[in-house]
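S.K.: everything below, folded, please.
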Amino acid sequence: MTAVMAEAAIPARPEPVTLGQAFWVWLRISMLSFGGPAGQIAVMHRILVDEKRWIGEQRFLHALNYCMLLPGPEAQQLATYIGWLMHHTKGGIVAGVLFVIPGAVAIMALSWVYVLYGRVGIVSALFFGLKCAVLAIVLQAVVRIGGRALKSTPARALAASAFVLIFFVSAPFPLIVLGAGLIGWWSTRQGSTAFRGGGHGASNGAVVADANTLLGEELPAHARPTWAETMRTALIWLGLWLLPVAALLIVLGPDDVFSRIATFFSMMAMVTFGGAYAVLAYVAQQAVENYGWLGPKEMLDGLGMAETTPGPLIIVLQFVGFLGAYRDPGGLSPLVAGTLGGLLATWVTFVPCFLWIFLGAPFIERLRGNAVVAGALSAITAAVVGVVLNLALWFALHTLFRETMMIATGPFRFDAPVLTSIDPAALALSLGAAYAIFMTRAGVITTLLATSAAGLALYGAGAIR
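M.R.: Take a look at the predicted model:
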């Protein structure tokens with residue numbers, strides 16, 4: 001009787017799902033994906049693991065840790081990975097593209113509004129409120145990601161070391177990633193359990209076993225590619241990514257704004273490890289300080305737009321490309337140039353994401369269950385927490401203070417606030433947003449709407465200009 005009851009308690013594997021059926025689920029996920037990568041991964045986990053049981057807990061986390069290792073937005077890459085697992089390349093394209101489209105359309109519309117009306121006081125006040133909420137949302141991401149990834153003292157020490165290296169020493173993130181991976185690999189080989197487990201979005205309920213899900217534990221047939229298939233995949237996606245870049249360089253020359261956008265964001269696609277927050281920290285510094293495409297406050301405005309729309313936060317790069325081309329249109333209308341610049345930035349940002357997944361996922365799937373590889377991936381996830389903290393501090397400096405100064409002494413080089421330039425209105429709204437998110441558990445959209453309304457009220461009262 002006990003055996004019969006135990007067998008009855010094990011849920012049956014779900015029925016197979018067609019690509020057409022999956023399309024609507026991926027669309028639903030894309031429309032609900034607010035709140036940055038932590039929130040987006042939590043949405044995917046709730047729908048794909050808990051509700052639909054398409055994929056199990058351990059398989060989900062294995063895919064996530066690989067995506068955390070890649071340059072670019074981990075949430076979009078995770079959707080592409082799971083879509084690929086279910087329906088091969090077509091499934092990956094459907095899941096990955098749907099994850100991007102709602103945010104891309106919204107950011108393009110908001111970019112037009114921003115350049116046409118952003119200097120108007122009431123619109124500036126609206127974005128002032130948004131960026132104060134963004135600061136609290138990024139801080140929440142630090143807490144949420146850290147809570148999932150930092151389960152041991154060595155993991156917390158690794159995160160702290162990563163923060164010190166990237167904020168105070170400006171160490172290249174690829175080296176931090178490599179070092180973290182080697183530490184996780186070596187310690188796990190020595191028998192340590194310090195870097196086992198971790199990840200985002202785990203359920204508070206019962207763990208969904210891989211064997212009881214649609215994908216099960218089996219290795220799909222398309223995860224056993226030949227070298228000919230691997231080379232074909234690489235050539236197709238490298239061509240889609242790099243041929244437009246080469247054409248722009250040949251036709252327009254390397255100094256044209258479109259060539260610069262194409263090459264800059266292509267380089268970002270290769271070196272900005274650590275997901276959306278790491279990308280934004282890197283891009284903000286380069287686009288603001290080196291290229292002069294926009295200012296720190298405008299970067300915060302762009303992130304505020306991205307936080308109000310579904311999809312990956314990295315879609316803010318479309319706004320950066322838009323402003324860069326808008327301000328250097330050449331012979332085009334500024335709005336036309338801006339639109340093309342935004343679309344170009346989006347293309348060279350996201351096409352490489354499909355390359356990384358379709359090329360690497362088959363090999364990563366075959367490493368599933370390898371404890372040493374899992375330890376290396378979990379250590380990298382821990383290091384990423386330090387990068388997210390770096391971004392949170394960078395945004396705090398430029399949100400709460402009107403001026404910053406560069407401190408350079410010995411190996412240390414970092415921005416510090418000019419304390420007398422603190423913005424009381426920004427401080428008040430940021431503290432209010434933090435209280436709403438951390439103490440009252442208010443949602444992202446509720447908080448953004450509240451701080452936007454507060455910004456408008458402060459503008460009406462003459463407290464901000």
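S.K.: where exactly do the helices run in the stretch 301-450 of the chain?
M.R.: Listed in chain order, the helices of the stretch 301-450 of the chain (DSSP state H, counting those that start in this stretch) span 316-326, 334-366, 371-400, 424-438, 444-460.
S.K.: tell me the most buried of those helices?
M.R.: Among those, helix 316-326 has the highest mean neighbour count (mean count of other C-beta atoms under 10 Å), at a mean of 29. (Each C-beta comes from the backbone N, C-alpha and C, glycine too.)
S.K.: off-centre distance for that helix?
M.R.: Computed by C-alpha atoms, centre = their mean, to the nearest Å, the chain-centroid distance of helix 316-326 equals 18 Å.
S.K.: after the least confident helix or strand in the chain by mean pLDDT comes which helix or strand?
M.R.: Least confident helix or strand of the chain, by mean pLDDT, DSSP states H and E, is helix 2-9 with a mean of 47. Next along the chain after helix 2-9, taking DSSP states H and E as the criterion, comes helix 19-32.
S.K.: give me the neighbour count for G181.
M.R.: By other C-beta atoms under 10 Å, the residues close to G181 number 20.
S.K.: so it sits against G375, correct?
M.R.: No - the criterion here is C-beta atoms under 8 Å, and G181 misses it with G375 at 9.2 Å.
S.K.: tell me the contacts of I47?
M.R.: In this structure, I47 makes contact with 25, 28-29, judged by C-beta atoms under 8 Å, 6 or more residues apart in numbering.
S.K.: where does it land on pLDDT?
M.R.: According to the prediction, I47 has pLDDT 88.
S.K.: returning to that earlier point: comparing the helices of the stretch 301-450 of the chain by mean pLDDT, which bottoms out?
M.R.: The minimum mean pLDDT among these belongs to helix 371-400 (a mean of 79).
S.K.: what helices and strands are in contact with that one?
M.R.: Contacts defined by 3 or more C-beta pairs under 8 Å, 6 or more residues apart in numbering; DSSP states H and E place helix 371-400 against helix 57-69, helix 121-149, helix 153-167, helix 173-189, helix 275-285, helix 296-308, strand 412-417, helix 424-438.
S.K.: wait, which of the ones you listed is closest to P220?
M.R.: helix 57-69 (11.4 Å; C-beta to C-beta).
S.K.: how far is that closest one from where the chain is centred?
M.R.: Computed by C-alpha atoms, centre = their mean, the chain-centroid distance of helix 57-69 equals 15 Å.
S.K.: check which helices and strands that helix is in contact with.
M.R.: helix 74-117, helix 334-366, helix 371-400.
S.K.: need the ones you listed in TSV with distance to V143, can you?
M.R.: Below are those laid out as TSV (distance: least, C-beta to C-beta, whole Å):
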stretch	distance to V143
helix 74-117	18
helix 334-366	26
helix 371-400	10
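S.K.: which one of those helices lies closest to R144?
M.R.: With C-beta to C-beta as the criterion, R144 lies closest to helix 371-400 of those, at 9.5 Å.
S.K.: now the angle from that closest one to helix 334-366?
M.R.: Using axes from the mean of the first three to the mean of the last three C-alpha atoms, to 10 degrees, the inter-axis angle of helix 371-400 relative to helix 334-366 is 160 degrees.
S.K.: helix 371-400 versus helix 74-117: what angle between them?
M.R.: Interaxial angle, helix 371-400 versus helix 74-117 (the same axes, to 10 degrees): 20 degrees.
S.K.: report the angle between the axes of helix 371-400 and helix 57-69?
M.R.: If you take the same axes, to 10 degrees, helix 371-400 sits at 60 degrees to helix 57-69.
S.K.: what about helix 371-400, distance to the chain center?
M.R.: So, by C-alpha atoms, centre = their mean, the centroid of helix 371-400 is 12 Å from its chain's centroid.
S.K.: please apply the same query to stretch 182-195.
M.R.: With C-alpha atoms, centre = their mean as the basis, stretch 182-195 stands 27 Å off its chain's centre.
S.K.: what of stretch 451-462?
M.R.: 30 Å.
S.K.: name the surrounding residues that touch it.
M.R.: Stretch 451-462 is contacted by residues 121-122, 124-130, 132-133, 425, 429, 432-433, 464-465 when judged by C-beta under 8 Å, 6+ apart.
S.K.: what's the answer for stretch 326-337, then?
M.R.: With C-beta under 8 Å, 6+ apart, stretch 326-337 has contacts from 112, 115, 256-257, 293, 325, 338, 340-341.
S.K.: how about A436: what's its closest non-neighbour residue?
M.R.: The shortest distance from A436 to any non-neighbouring residue, by C-beta to C-beta, 6 or more residues apart in numbering, is to A442 (4.0 Å).
S.K.: burial measure for that neighbour, as a count.
M.R.: Every residue meeting other C-beta under 10 Å relative to A442 is counted, giving 18.
S.K.: doesn't A434 make contact with it?
M.R.: No - taking contacts as C-beta under 8 Å, A442 lies outside contact range of A434: 10.5 Å.
S.K.: how close does G92 sit to I315?
M.R.: To I315, G92 is 19 Å away according to C-beta to C-beta, to the nearest Å.
S.K.: these two: which is more packed in?
M.R.: Using other C-beta under 10 Å as the criterion, G92 and I315 rank with I315 on top: 31 against 24.
S.K.: residues in contact with that one?
M.R.: Applying C-beta under 8 Å, 6+ apart, we find I315 in contact with 100, 103-104, 107, 306, 309, 346.
S.K.: then T230?
M.R.: Residues near T230 by C-beta under 8 Å, 6+ apart: 359, 362.
S.K.: roughly how far apart are it and L248?
M.R.: Between T230 and L248 the distance is 28 Å, computed by C-beta to C-beta.
S.K.: relative to V387, which of the helices and strands packed on helix 371-400 is closest?
M.R.: Closest to V387 of the helices and strands packed on helix 371-400, according to C-beta to C-beta: helix 275-285, at 4.5 Å.
S.K.: quick one: mean pLDDT over that closest one.
M.R.: Helix 275-285 comes out with an average pLDDT of 67.
S.K.: now do stretch 149-164
M.R.: For stretch 149-164, the per-residue pLDDT averages 88.
S.K.: what about that stretch, distance to the chain center?
M.R.: 20 Å.
S.K.: and for it, what's in contact with it?
M.R.: Identification of contacts with stretch 149-164 by C-beta under 8 Å, 6+ apart yields 146, 176, 180, 183, 187, 192-195, 197-200, 378-379, 381-387, 389-390.
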